[in-house]
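In: Here you go, sequence then predicted model.
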Amino acid sequence: MNESAVPSTTPRPAWLLPIWSLAQREIVRFLRQRSRLIGAIGQPLIFWILFGAGLHGTFQLQGTSANDVSFQEYFLPGVAIMIVLFTSIFASISVIQDRHEGFLQGVLVSPVPRSSIVLGKVLGGTLLALVQSALFLVLAPVLQLVGLAPAIQLNLTLAGTSGALLFLTLVAIGLNSLGYLFAWKIDSVQGYHGIMSVVLLPMWLMSGAFFPGDQSPWLRVVMRLNPLTYGVAGLRQCVSSNPNVVGDLPSIPLCLAVLFLFSFICLAADVWLTRRDQGV
């Protein structure tokens with residue numbers, strides 16, 4: 001018998017199938033719950049339009065004239081990060097729901113590596129966050145054409161687009177991992193929302209997404225210690241070609257280093273916690 005005619009039966013790694021299966025389950029669940037799309041992208045989009053119209057003419061970055069930067073142009077990266085934030089919150093809730101439905105217990109008693117459970121959950125939420133935030137960045141120029149947004153100097157080069165996707169991916173991994181960490185220990189959806197409102201939302205507010213915070217010394221220190229600040233700063237440098245918007249921000253290598261460290265620490269904590277708790 002010709003050995004070359006024998007089909008390859010090389011098995012896939014044992015950890016790969018459960019990761020993709022859990023990630024695919026998150027995507028299917030999202031497609032069956034269309035209201036999540038409205039909540040994740042609709043609300044930030046409305047905020048961007050309304051705040052931009054309401055603060056038009058009153059917003060001014062330090063060291064620039066009133067007409068150099070519109071609030072919508074400054075707020076654009078913050079809205080993209082807000083979409084990642086909301087998507088991560090909704091995706092992490094599935095950990096609590098799976099526990100109540102008994103699905104999570106079934107996964108835990110299977111011979112699936114605990115790290116695969118974490119990676120599958122985080123991967124599913126990351127893919128959803130990446131698609132929705134990227135969709136918003138694509139819609140932004142369209143809104144300019146219909147008069148709902150002022151002229152915005154976007155960086156549409158290959159380097160700018162690739163950098164934006166990289167930063168959105170790292171932020172999504174970090175926020176999904178952080179959300180998983182809280183959802184693993186919280187037993188109710190209501191309690192989870194309460195914790196997220198005092199953890200993730202303040203993280204977003206104190207990241208430079210909504211206001212610079214340069215004129216407050218203590219707020220400047222807090223923002224520098226906030227890992228999400230580096231996600232907003234890196235994304236702002238990638239998507240904007242207006243030098244007045246970029247301003248004096250942390251360098252892109254520093255932003256990448258902080259986000260990599262933040263994501264790794266959160267993922268490692270998730271895996272450690274999942275391995276430590278034998279039951280949920």
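Out: Yep, that arrived. Keep in mind that this is a model prediction, so the values were computed, not measured.
In: Sort out which residues of stretch 19-29 are buried, please.
Out: 19, 22-23, 25-27, 29 (16 or more other C-beta atoms under 10 Å). Glycine gets a C-beta too; all of them are placed from N, C-alpha and C.
In: what's the neighbour count on Ser94?
Out: 23 (other C-beta atoms under 10 Å).
In: That one and Gly174, how far apart?
Out: According to C-beta to C-beta, to the nearest Å, Ser94 and Gly174 sit 18 Å apart.
In: and what of Pro253?
Out: Taken as C-beta to C-beta, the span from Pro253 to Gly174 is 17 Å.
In: All the helices of the stretch 51-200 of the chain, residue numbers only.
Out: With helices called from DSSP state H, counting those that start in this stretch, the stretch 51-200 of the chain shows them at 71-101, 103-109, 114-145, 158-185, 189-205.
In: Please name whichever of these is nearest to Asp214.
Out: Across these, Asp214 has its closest neighbour in helix 71-101 (12.5 Å, C-beta to C-beta).
In: these two touch, right, Ser241 and Ala159?
Out: No: the criterion here is C-beta atoms under 8 Å, and Ser241 misses it with Ala159 at 11.3 Å.
In: Tell me, please, where in this structure the pLDDT is lower than the cut-off.
Out: 1-15, 55-68, 144-151, 244-247, 278-280 (pLDDT under 70).
In: who's in contact with Leu235?
Out: For Leu235, the contact set (C-beta atoms under 8 Å, 6 or more residues apart in numbering) comprises 77, 80-81, 164, 167-168, 171.
In: ok, so of those residues, who is nearest Val198?
Out: Within the contacts of Leu235, proximity to Val198 (C-beta to C-beta) peaks at Ile81, which comes in at 18.2 Å.
In: And that closest one, how far from Ala134?
Out: Distance of Ile81 to Ala134, given as C-beta to C-beta: 12 Å.
In: same check, this time on Leu165
Out: On the measure of C-beta to C-beta, Leu165 and Ala134 end up 7 Å apart.
In: Secondary structure element for Leu37, which one?
Out: Using DSSP states H and E, Leu37 maps to helix 35-37.
In: residues of that helix that come out buried?
Out: 36-37.
In: now stretch 230-250
Out: Quick answer for stretch 230-250 (16+ other C-beta under 10 Å): 230-240, 242, 245, 247, 249-250.
In: same question, stretch 132-143
Out: 132-134, 136-137, 140, 143.
In: can I get the CA coordinates of that stretch in PDB?
Out: The C-alpha coordinates for stretch 132-143 follow below in PDB (Å, rounded to 0.1, in the frame of the first residue of the first chain):
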ATOM      1  CA  GLN A 132     -18.200  46.400  16.700                       C
ATOM      2  CA  SER A 133     -15.500  49.000  17.500                       C
ATOM      3  CA  ALA A 134     -14.100  48.700  14.000                       C
ATOM      4  CA  LEU A 135     -17.600  49.200  12.500                       C
ATOM      5  CA  PHE A 136     -17.900  52.400  14.400                       C
ATOM      6  CA  LEU A 137     -14.600  53.700  13.000                       C
ATOM      7  CA  VAL A 138     -15.900  52.900   9.500                       C
ATOM      8  CA  LEU A 139     -19.200  54.700  10.200                       C
ATOM      9  CA  ALA A 140     -17.500  57.900  11.400                       C
ATOM     10  CA  PRO A 141     -16.600  59.200   7.900                       C
ATOM     11  CA  VAL A 142     -20.200  58.400   6.800                       C
ATOM     12  CA  LEU A 143     -21.600  60.500   9.600                       C
END
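In: Next, the residues that contact it from outside, please.
Out: 37, 40-41, 44-45, 49, 76, 79-81, 83-84, 87, 149, 152, 154, 164-165, 168, 172, 239.
In: Please indicate which of those residues are buried?
Out: 37, 40-41, 44-45, 76, 79-81, 83-84, 87, 149, 152, 154, 164-165, 168, 172, 239.
In: Next, Gly208: secondary structure please.
Out: coil (DSSP: H, G, I helix; E, B strand; the rest coil).
In: What are the phi and psi values at it?
Out: Torsion angles at Gly208 (phi, psi; degrees, to the nearest 10) stand at phi 80, psi 10.
In: Next up, the contacts around it.
Out: Here Gly208 is in contact with 78, 223, 229, 232-233, 236 (C-beta under 8 Å, 6+ apart).
In: Thanks a lot, see you next time.
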